[in-house]
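Asker: Mind looking at a prediction? Sequence and model below.
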Amino acid sequence: MDITTKTAHFTSPLYLESGRILEPYDIAYETYGTLNEDKSNVILICHALSGSHHAAGRYEGDRKPGWWDGLIGEGKAIDTRKYFVICSNVVGSCFGSTGPMSPQYPSNEPYRLKFPVVTVKDMVKAQMNLLSKLGIYRVKSIIGGSMGGMQALQFAVDYPNFAQSIIPLATTYATRPWVIAFNKVAIEAIRRDPRFKNGNYGKDDFKEHGLDGLAVGRIAGHISYLSPDSMDKKFGRNYVPTDGLFELFGRYEVERYMEYNTSNFSKIFDPLSYLYIVKAINTFNLSRGYGSLYEAISRIKAKVNLISFSGDMLFFPQEMEHLAKMLKRNNQAYSYSKIDSDYGHDAFLVEIDKFDFLIKEMLEELE
């Protein structure tokens with residue numbers, strides 16, 4: 001599989017939903033496979049909160065492949081022998097695209113808290129600029145889970161003629177208070193950490209030891225990505241063998257798992273980027289800018305293939321079922337699949353074998 005990683009630089013302004021402007025800006029992106037002559041084999045992949053443009057394959061020296069490697073590649077559901085796959089890092093992130101720790105032109109000082117709030121609509125607009133720069137004006141499909149699914153839906157509403165189909169997984173049409181409340185834990189934990197310094201930290205300050213506030217906030221997020229059943233199966237009531245049951249800070253295996261995973265995460269993910277992306281998720285509302293959700297959905301011309309997961313406790317299946325009912329009522333092209341899973345929200349990343357055949361069929365329908 002051919003993997004190409006590049007960064008596109010834009011000098012024209014990106015007009016944001018807030019009324020502010022981002023200028024200049026960069027977008028890091030990765031491509032897989034070969035673009036055909038008439039550019040008709042393009043599939044766009046959109047990533048979730050903690051993802052990046054590295055969706056598949058391995059960089060030299062990597063222990064782990066890209067975050068959706070089980071789905072993208074030669075002979076896989078998104079077959080790179082047939083399709084030219086593009087995944088870009090969203091603006092506001094910390095993996096190559098312009099974000100809060102990027103230099104604020106014309107100085108070399110980072111934006112930090114002067115970085116403008118970006119929304120899912122802004123992320124989509126920036127990606128449209130990237131694709132236009134690549135000479136791609138229509139794609140076969142747009143696929144993404146969680147915040148990636150939000151982007152897929154936003155593409156379909158804002159740019160109705162751009163995609164033949166979209167495949168949003170484990171997502172919603174508007175972020176509910178339940179999710180915003182989980183995100184609030186992360187926001188406050190980061191802001192109240194003395195080492196955060198109100199965003200005035202150095203670029204590499206957390207490389208070695210991470211930021212405790214981000215690690216604590218990520219624990220809350222991680223709980224919402226799993227489910228009680230998946231935790232029972234994975235950990236049970238097992239206690240860490242080297243810890244004493246009657247030690248005050250002795251740990252169950254689930255506690256050790258949370259500590260390990262979130263501590264590592266806080267060493268690689270920038271806390272300001274986390275705050276800005278969480279803000280984008282919190283403010284997501286597909287109907288904003290339109291008269292109603294019905295009006296927004298009515299604009300869609302692409303076939304909408306919705307996939308939810310029965311055990312998702314972050315974006316509940318009922319939210320996608322609501323979209324399916326609206327599409328059905330409007331006689332718009334759609335399909336809805338609810339995957340039987342007790343894993344939780346992260347099933348769209350982990351239990352690929354439960355839905356990869358569906359995505360393969362959905363893409364073959366377009367040929």
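Answerer: Done, it's in.

Asker: show me where the stretch 151-300 of the chain has helices.
Answerer: Under the criterion DSSP state H, counting those that start in this stretch, helices of the stretch 151-300 of the chain are mapped to 177-192, 212-225, 228-235, 253-268, 271-282, 293-298.

Asker: Need the contact partners of the last one.
Answerer: The contact list for helix 293-298 (Cβ atoms under 8 Å, 6 or more residues apart in numbering) reads 157, 173-174, 286-287, 289-290, 323, 326-327, 330, 332. For the C-beta atoms, the positions are set from N, CA and C on the backbone; glycine is no exception.

Asker: repeat that for 7 Å
Answerer: Here helix 293-298 makes contact (Cβ atoms under 7 Å, 6 or more residues apart in numbering) with 157, 173, 286-287, 290, 323, 326-327, 330.

Asker: Save the residues you listed as JSON lines, and put in distance to M362 too.
Answerer: JSON lines is the format used below for the contacts of helix 293-298 (distance: Cβ to Cβ, whole Å):
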{"residue": "V157", "distance to M362": "19"}
{"residue": "Y173", "distance to M362": "20"}
{"residue": "L286", "distance to M362": "21"}
{"residue": "S287", "distance to M362": "25"}
{"residue": "Y290", "distance to M362": "26"}
{"residue": "L323", "distance to M362": "16"}
{"residue": "M326", "distance to M362": "19"}
{"residue": "L327", "distance to M362": "15"}
{"residue": "N330", "distance to M362": "20"}
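
Asker: Could you tell me how many residues sit around the closest residue to K233 other than its chain neighbours?
Answerer: Nearest residue to K233, sequence neighbours excluded (Cβ to Cβ, 6 or more residues apart in numbering): D342, at 7.7 Å. Burial of D342 is recorded as 16 neighbouring residues (other Cβ atoms under 10 Å).

Asker: Now do D342, the pLDDT please.
Answerer: pLDDT for D342: 96.

Asker: and the gap between it and M231?
Answerer: D342 sits at a distance of 10 Å from M231 (criterion: Cβ to Cβ, to the nearest Å).

Asker: Phi and psi next, for E30.
Answerer: Main-chain torsions, E30, degrees, to the nearest 10: phi -130, psi 140.

Asker: can you tell me how far W178 sits from Q318?
Answerer: From W178 to Q318 the distance is 12 Å (Cβ to Cβ).

Asker: and the two? which has more neighbours close in?
Answerer: W178 (13 against 9).

Asker: Pull up the gap between the residue of the chain most remote from its centre and S224, please.
Answerer: In terms of distance from the mean C-alpha position of the chain, F246 ranks first, at 40.6 Å (Cα atoms, centre = their mean). Look at F246 and S224: by Cβ to Cβ, they are 31 Å apart.

Asker: And for A186?
Answerer: Counting by Cβ to Cβ, the gap from A186 to S224 is 10 Å.

Asker: domains of this protein?
Answerer: As assigned by automatic domain parsing, the chain contains the domains 3-175+285-364, 179-280.

Asker: Point out the most buried one among those domains.
Answerer: For those, the largest average neighbour count (mean count of other Cβ atoms under 10 Å) is found in domain 3-175+285-364, namely a mean of 19.

Asker: mind checking the end-to-end distance for that one?
Answerer: Start to finish, the residues bounding domain 3-175+285-364 are 23 Å apart (Cα to Cα, to the nearest Å).

Asker: again with stretch 350-360
Answerer: Start-to-end, stretch 350-360 (Cα to Cα) is 17 Å.

Asker: Could you pull up the residues touching G99?
Answerer: 91-93, 115, 273, 276.

Asker: Apply 10 Å and report the result again.
Answerer: Shown in contact with G99 (Cβ atoms under 10 Å, 6 or more residues apart in numbering): 25-26, 89-93, 110-111, 115, 118, 270, 272-273, 276-277.

Asker: Who are the contact partners of E23?
Answerer: By Cβ under 10 Å, 6+ apart, the neighbours of E23 are 10-15, 98, 105.
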